[in-house]
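Participant: Structure here, sequence nowhere to be found:
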């Protein structure tokens, strides 16, 4: 019994300690449960959905383009023997940009020129013969009238005159044929010169001396930058409203802080079958640093629209890929998915889902959930 007493004491002490730990755990659990039951109130700032008079503005997006831009293709295949321009060179219409090897074409021109000279000489010879035969016919006619020439001899002289006339026609045809052959040879020779059909600036050079010219591959690109245009499209509802000559303001992303005046120069008479939008073209005057293929936006004003319901853009967020706002009512935040329209400055047009006077969260929405309790700190 004396040996069992210490063991019993140890067991009793351990049981007591275990009971104390269980009691402490239950107390902590109760405190945690009580804390969990408390509702978290988030501090937010709100603003009111309002009605405003807004300018009716149509924005057109598109690329700035040169009014005239061409890809210059060689007309004749062959090895390039000379390149006379580089990227950035300013050229006039008809200027030679490069030359393709033209020895064969040059010889063909000389041959055609010689053939033309021979044909012209043949024509002159035929004219001399015609004049001689005509004089002979005149003498034969005088002799016939005097009865000094037989009918057979006269008919022979008359036939010779007609054959001389036909000979003139044949000689003239030979001259025309030789002249045409020379023109063809000269055209082939001229086609060994790669020329630009428009004035402008060389923006691309795809050939070099020694390269093979290919009539299917552009050798140069030329842009006429003396006038620029913005190409875009508008919804179908605006096609009838827009008029040629309307003044617009163009903004360019690559040139922030600057605006460029423009004029509507063309409105498509029909819509695109796939997009149901109408093409529009805005003419722009040349301006420093304004270059083709910059991304531009044209703004066209149509006056003001009264009493438009707008929501501050700072209240709009994306939830599940949809434009959303939190509306505060009775200290509760309700997630709403309104139908929104165009953005104007710091406001977004409301088409449905919100009314003027609704208080919407503009700050403190991080971690905010639908139905959460909120405390409005200011408006």
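Facilitator: Yep, it's here. Nothing here was measured: the structure is a model prediction, and the numbers come from that model.
Participant: Tell me who's in contact with residue 376.
Facilitator: Listed by CB atoms under 8 Å, 6 or more residues apart in numbering, the contact set of residue 376 reads 44-46, 328, 331, 359. Yep, even glycine has a C-beta here, placed from its N, CA and C like the rest.
Participant: Among those residues, which one sits closest to residue 83?
Facilitator: residue 45 (66.5 Å; CB to CB).
Participant: correct me, but the closest one touches residue 362?
Facilitator: Yes. The criterion here is CB atoms under 8 Å, and residue 45 meets it with residue 362 at 5.5 Å.
Participant: still on that earlier bit, in strands, which of the contacts of residue 376 fall?
Facilitator: 44-46, 328, 359 (DSSP state E).
Participant: got those residues as JSON lines, with distance to residue 153, pLDDT and neighbour count columns?
Facilitator: What follows is the ones in strands among the contacts of residue 376, written out as JSON lines (distance: CB to CB, whole Å; pLDDT from 0 to 100; neighbours: other CB atoms under 10 Å):
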{"residue": "44", "distance to residue 153": "128", "pLDDT": "88", "neighbour count": "23"}
{"residue": "45", "distance to residue 153": "127", "pLDDT": "91", "neighbour count": "17"}
{"residue": "46", "distance to residue 153": "126", "pLDDT": "91", "neighbour count": "22"}
{"residue": "328", "distance to residue 153": "128", "pLDDT": "92", "neighbour count": "19"}
{"residue": "359", "distance to residue 153": "126", "pLDDT": "91", "neighbour count": "18"}
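Participant: Where does the prediction get shaky in this protein?
Facilitator: 1-39, 303, 378-379 (pLDDT under 70).
Participant: Spatially central residue for it, please.
Facilitator: residue 63 (5.1 Å; CA atoms, centre = their mean).
Participant: After whichever strand or helix holds it, which helix or strand is next? Please name it.
Facilitator: Using DSSP states H and E, residue 63 sits within strand 50-72. Downstream of strand 50-72, the first helix or strand assigned by DSSP H and E is strand 78-83.
Participant: What helices and strands are in contact with whichever helix or strand comes after that following strand?
Facilitator: Remark: after strand 78-83, the chain's next helix or strand is strand 90-91, criterion DSSP H and E. Here strand 90-91 touches strand 200-205, going by 3 or more CB pairs under 8 Å, 6 or more residues apart in numbering; DSSP states H and E.
Participant: In the strand it packs on, which residues are buried?
Facilitator: 200-203, 205 (16 or more other CB atoms under 10 Å).
Participant: Same check on stretch 236-247?
Facilitator: Buried-residue list, stretch 236-247, by 16+ other CB under 10 Å: 238-239, 242, 246.
Participant: same deal with stretch 317-335?
Facilitator: In stretch 317-335, counting by 16+ other CB under 10 Å, buried: 323-328, 333, 335.
Participant: Widest-spaced pair of the residues you listed?
Facilitator: 323 and 328 (17.7 Å).
Participant: which one of the contacts of residue 376 is nearest residue 193?
Facilitator: Lowest distance from residue 193 to the contacts of residue 376 (CB to CB) belongs to residue 45, with 72.5 Å.
Participant: and the gap between the spatially closest residue to the closest one that is not a sequence neighbour and residue 328?
Facilitator: Leaving aside its sequence neighbours, residue 45 sits nearest to residue 363 (CB to CB, 6 or more residues apart in numbering; 3.9 Å). Distance, residue 363 to residue 328, using CB to CB, to the nearest Å: 12 Å.
Participant: and for these two, which residues touch both?
Facilitator: Counting by CB under 8 Å, 6+ apart, the contacts common to residue 363 and residue 328 are residue 44.
Participant: Contacts only, for residue 211.
Facilitator: 79-80.
Participant: if we go to 6 Å?
Facilitator: Applying CB atoms under 6 Å, 6 or more residues apart in numbering, we find residue 211 in contact with residue 80.
Participant: Which other helices and strands does the top helix by length along the chain contact?
Facilitator: Ranked by residue count, the top helix of the chain under DSSP state H comes out as helix 103-146. Packed against helix 103-146 by the contact rule (3 or more CB pairs under 6 Å, 6 or more residues apart in numbering; DSSP states H and E) you find helix 151-190.
Participant: Can you spell out which helices and strands pack onto the next helix or strand after the helix it packs on?
Facilitator: Sequence-wise, the next helix or strand downstream of helix 151-190 (DSSP H and E) is strand 193-195. Applying 3+ CB pairs under 6 Å, 6+ apart, we find strand 193-195 packed against strand 96-100.
Participant: what residues does the strand it packs on touch?
Facilitator: Here strand 96-100 has contacts from 76, 78, 80-85, 192-196, 213, 220, using CB under 6 Å, 6+ apart.
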